[in-house]
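Undergrad: A predicted structure for the sequence below; I have some questions about it.
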Amino acid sequence: MITAGVDLAAQPERTAVATIRWTAGCAVIENVISRADDEVILQAVQQADKTGIDCPFGWPTAFASFVTSHQAGHVSIPSDWPSSGNLTRRRTDMFVREQLRLTPLSVAADRIAHVAFRCAVLLAKLDAAGAPVDRSGSGPVAEVYPAASPHSWSLAHHSYKQKTGTDALGVIIDQLRHEAPWLDCATHEQAMRRSHDVFDAVIAAMTARAAALGQTFPPPAGDDLAAATAEGWIAIPDQPISDLVQAYL
């Protein structure tokens, strides 16, 4: 199995892509690309069995309805107003907060919206290329949240993205190497240590493996599942990191 991970940014300069090949009891980081443009990302997705993309796949349903109503001049006041929680948080964001006590950035209210615009175009290009995207994650790509995966795998996950977090990044990579000795970083370990964008791309590729094996929390049935197909659903590992190589595919 081959998985890819994309740490997506609004511009290629901060976008990284990693590819991992999985064999019996071993995983090898085969390729890492920084400053990745759309064509590099699309090629990686098309060559992988599963790809994890670090970006919201959609907007909150209530937010989309609010903006549509506003555009038509028929705004309905949200039931929870003046709170904006229903407008800014997707079902998957609330699920992550309940499970891990982590709060993903709001695609409706934070700068990550600029990244989401690029992601929406990428997903449309994949669909046009004959790889239909299921935003709930059952298709060739899954939405991932690199801060959540290390948390689920009991790795350090705080502060490594801060400008002064070089030491924190080194700590989490050391933990990853200890907990996953089967991960062969090949010639890419130093790139991971220098850049949290590259590290996140590797984590995204590992999370894609978990999603492919069914080792992530699925959207609950009912309203959450319906919301996931429109808003996206973050793949959160629900099994130990060692299980990524227990089942060989």
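TA: Here it is on my side, so go on.
Undergrad: so which strand or helix has Arg21?
TA: For Arg21, the element it lies in under DSSP states H and E is strand 16-23.
Undergrad: so what are the sheet partners of the next helix or strand after that strand and their directions?
TA: Next helix or strand after strand 16-23 toward the C-terminus (DSSP H and E): strand 26-34. Partners of strand 26-34 in the sheet, by DSSP bridges, are strand 16-23 (antiparallel), strand 183-184 (parallel).
Undergrad: comparing the ones you listed, which comes out most buried?
TA: Per-stretch averages of neighbours, counted by mean count of other CB atoms under 10 Å, single out strand 16-23 among the strands paired with strand 26-34, with a mean of 24. Every residue, glycine included, has its C-beta placed from N, CA and C.
Undergrad: tell me which residues are up against it.
TA: 1-7, 27-34, 36, 40-41, 44, 47-48, 188, 195, 197-198, 200-202, 204-206, 209, 244-245, 248-249 (CB atoms under 8 Å, 6 or more residues apart in numbering).
Undergrad: so which of those are in strands?
TA: The strands, defined by DSSP state E, take in 2-7, 27-34 from the contacts of strand 16-23.
Undergrad: where along the protein do the helices fall?
TA: Secondary structure of the chain (DSSP state H): helices at 38-47, 61-72, 85-88, 91-100, 112-128, 148-152, 166-179, 189-194, 196-212, 223-231.
Undergrad: out of these, which comes closest to Gly139?
TA: The closest of the helices of the chain to Gly139 is helix 112-128. By CB to CB, the value is 8.8 Å.
Undergrad: output the contacting helices and strands for that closest one.
TA: In this structure, helix 112-128 packs against helix 38-47, with contacts taken as 3 or more CB pairs under 8 Å, 6 or more residues apart in numbering; DSSP states H and E.
Undergrad: buried sites along the helix it packs on?
TA: 40-42, 44-45 (16 or more other CB atoms under 10 Å).
Undergrad: mind checking the end-to-end distance for stretch 76-93?
TA: By CA to CA, to the nearest Å, the extent of stretch 76-93 from end to end equals 23 Å.
Undergrad: pLDDT score for Ala62?
TA: pLDDT for Ala62: 88.
Undergrad: show me what contacts the nearest residue to it once chain neighbours are set aside?
TA: Counting by CB to CB, 6 or more residues apart in numbering, Ala62 lies nearest to Asn86, which is 4.6 Å off, once chain neighbours are set aside. Counting by CB under 8 Å, 6+ apart, Asn86 makes contact with 60, 62, 78-80.
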